[in-house]
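Visitor: Quick one: sequence plus predicted model below, questions after.
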Amino acid sequence: MKLKKITLALVASGMVLGGTAQAADADRIAQLEAQMKVLMEQLAALKASTANANKDVADIKDQMSAQSKEVVVAGDIPGSFRLPGTDTSIRLYGAAEGNLVHEMKGDGGKNDYATFMPYMPLRGSADAKRDGETYLHGRTSRLGVEAATPTQYGLLMAKIEGDFNNDPRTGNSAVYGSLANIYTQQATNSYEFRLRHAYFQLGSWLVGQTWSTFMDIDNTPETVDFNGPIGSTFIRQPQIRYTYATPQYGKFIAAVENSSSYVLDSTGAATSDGFAKVPDLVVRWDKAYDWGSLSLRGVSHELRVDNGAGIQESKRGYGLAASGQIKTFGDDFISWIVTGGTGIGRYFNYIEGAAYDPATGKILREKALGIVLGYQQKFSDTFRMNYVVGTQKNYNNDYTDFAIANGFGGGQYGVNRRVTQAHIGGIWNPIKPVDIGVEYIWGKRETLLGEKGDMSRINLMARYNLN
């Protein structure tokens, strides 16, 4: 009986313990399931967060890539920027310029808005009695672009530049004749865009249109007047140029340039039978020194008349030039140019160069010499004065005798014996990109027949430089 009770008690105790264990396991499972659910929710939230983060990173990368394409990067030439996605550098430059000109003596504005002494009115003429004319223009404003691209042969550079200096009387002469300029000023003051420079350069080679190799632009004195003084070279033309630079002996330069056989007939007009078979040849040497600089140049070109009907004659015209700069006090300096030759023609500003004598069948060449002297005085970083004089003279020879004998050795558009021109002016930079200039200009001419002409004017200039 006692054993049975004990057995029953153990069984009952086991049942109680078993139920309690099962209850405990159920609670643990419930807790684990709850924790698992929380973990799954957190994992889902983490996945969503990671996806959003990846999207944000992708968006940021896209934005950074787009912005990097739009960022302006400095180019290989000063003041330039890199074209997006390329190695090419671009620099825009130019000037917006306005001029006010007051003719104090002589009506020179009929020949050119800037000074052109060879055709200034002669004393006693109607034009010489007209004075006091005042006019404004913006035609010397200009725009240009420079480019540079690195290559395996060095930096390839190019330039294209133009201004608005085309005279409307030329393009509209068929409709308005010599009044085209007046009609233009009555309405829009529009002037056609014209080419100044268009060339590319790689290493020692230059190909295209720019200043003639015979012209020393660096030592040409600065003037407010656009044309500047008489007595030197002023020409741009197509060419192929090679430069050999040495550190000790300077630069040796050779070029073939555009040919233009300009020969007068017996009336003093340019003959339409002018003809050139070979390009002009120019050689040059430049060297910088501690005291300044020096340049020596020579040119040879063909003067030919060929009408295709029996008249055929040719001669070489040539010219020599020397120029330089001499440092004086502080930043002041002297500029000088000496130019001369026989049959030098358009390489001298301004003579005709040659004439064809039908009686002898010979081309007669003009012999001339010119000198330009300038002094720049810098009072400060923002104000400078320029004092410039230029003169040229024709010497007696067969050409001058022919001009006198045929009646074009004098008159308004006749051959000059001597022309002289002087400039006194100052340029002020009130702010970095702006030039304000004022200049007084005086000039005198004398023809082969002894006729004289005078001019004087004041030129005011304001210019914004886009560099």
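Guide: Thanks, I have the structure now. What you see is a predicted model; the values in this text were computed from it and never measured. Numbering: from 1, shown residues only.

Visitor: and F275, how far is that from W442?
Guide: Distance, F275 to W442, by CB to CB, to the nearest Å: 40 Å. C-beta: built from backbone N, CA, C; applies to glycine.

Visitor: ugh, typo on my part, it should be G343
Guide: Counting by CB to CB - G343 and W442 are separated by 30 Å.

Visitor: ok, these two, which is more surrounded?
Guide: Shown here are G343 and W442; by other CB atoms under 10 Å, G343 has more neighbours (26 against 18).

Visitor: which residues touch the more buried one?
Guide: Neighbouring residues of G343 by CB atoms under 8 Å, 6 or more residues apart in numbering: 303, 315-318, 353-354, 363, 365-366.

Visitor: With T342 instead?
Guide: Counting by CB under 8 Å, 6+ apart, T342 has contacts 317-318, 365-367.

Visitor: roughly how far is stretch 86-102 from the heart of the chain?
Guide: Centroid separation for stretch 86-102 versus its chain: 8 Å, with CA atoms, centre = their mean, to the nearest Å.

Visitor: same question for it, mean pLDDT?
Guide: Confidence over stretch 86-102 (mean pLDDT, whole number) is 95.

Visitor: Then stretch 433-447?
Guide: Mean pLDDT, stretch 433-447: 97.

Visitor: before we move on, what about stretch 143-161?
Guide: In this model, stretch 143-161 has a mean pLDDT of 96.

Visitor: Also stretch 378-386?
Guide: Mean pLDDT, stretch 378-386: 97.

Visitor: do the same with stretch 250-262
Guide: In this model, stretch 250-262 has a mean pLDDT of 96.

Visitor: cool, and stretch 389-404?
Guide: 97.

Visitor: which residue is nearest the middle of the protein?
Guide: Taking CA atoms, centre = their mean, the centroid of the chain lies closest to E161, which sits 5.0 Å from it.

Visitor: Which strand residues bridge that residue?
Guide: Residues in a beta bridge with E161, per DSSP bridges, are G144, H197.

Visitor: ditto for E103
Guide: Using DSSP bridges, the beta-bridge partners of E103 come out as R457.

Visitor: Verify the contact between it and G132 for me.
Guide: Yes: contact criterion CB atoms under 8 Å: E103 and G132 qualify, at 6.5 Å.

Visitor: so who does the residue nearest to the centre of the chain touch?
Guide: E161 neighbours (CB under 8 Å, 6+ apart): 94, 142-145, 195-198.

Visitor: ditto for Q239
Guide: Residues in contact with Q239 (CB under 8 Å, 6+ apart) are 206-210, 212-213, 255-258, 282.

Visitor: Can you list which of the residues you listed are found in helices?
Guide: Members of the contacts of Q239 lying in helices (criterion: DSSP state H): none.

Visitor: Give me the subset of these that lies in strands.
Guide: Among these, the residues falling in strands (DSSP state E) are 206-210, 255-257, 282.

Visitor: picking that back up, now, of the contacts of T342, which are buried?
Guide: 317-318, 365-367 (16 or more other CB atoms under 10 Å).

Visitor: ok, which pair from the residues you listed is furthest apart?
Guide: Spatial extent of the buried ones among the contacts of T342 (CB to CB) is set by the pair Y318 and E366 at 11.9 Å.

Visitor: Mind listing the shared neighbours of these two?
Guide: Residues touching both Y318 and E366 by CB under 8 Å, 6+ apart: 342-344.

Visitor: so which of the ones in strands among the contacts of Q239 would you say is closest to N111?
Guide: The nearest member of the ones in strands among the contacts of Q239 to N111, counting by CB to CB, is Q209 at 25.4 Å.

Visitor: which residues touch the closest one?
Guide: Going by CB under 8 Å, 6+ apart, Q209 touches 195-199, 236-239.

Visitor: Just the closest of the residues you listed to V263, please.
Guide: Nearest to V263 among the contacts of Q209 is Q237, at 17.9 Å by CB to CB.

Visitor: That closest one reaches A255, doesn't it?
Guide: No: Q237 lies out of contact with A255 (CB under 8 Å); the separation is 10.1 Å.

Visitor: out of those two, which sits in the more crowded spot?
Guide: Between Q237 and A255, counting by other CB under 10 Å, A255 is the more crowded of the two (20 against 17).

Visitor: show me what contacts the more buried one?
Guide: Applying CB under 8 Å, 6+ apart to A255 gives the contacts 213, 239-242, 281-284.

Visitor: Likewise for Y356?
Guide: With CB under 8 Å, 6+ apart, Y356 has these contacts: 263-266, 271, 273, 305, 313, 362-364.

Visitor: What are the buried residues along the helix or strand where it lies?
Guide: Using DSSP states H and E, Y356 sits in strand 354-357. For strand 354-357, a neighbour-count test (16+ other CB under 10 Å) marks 354-357 as buried.
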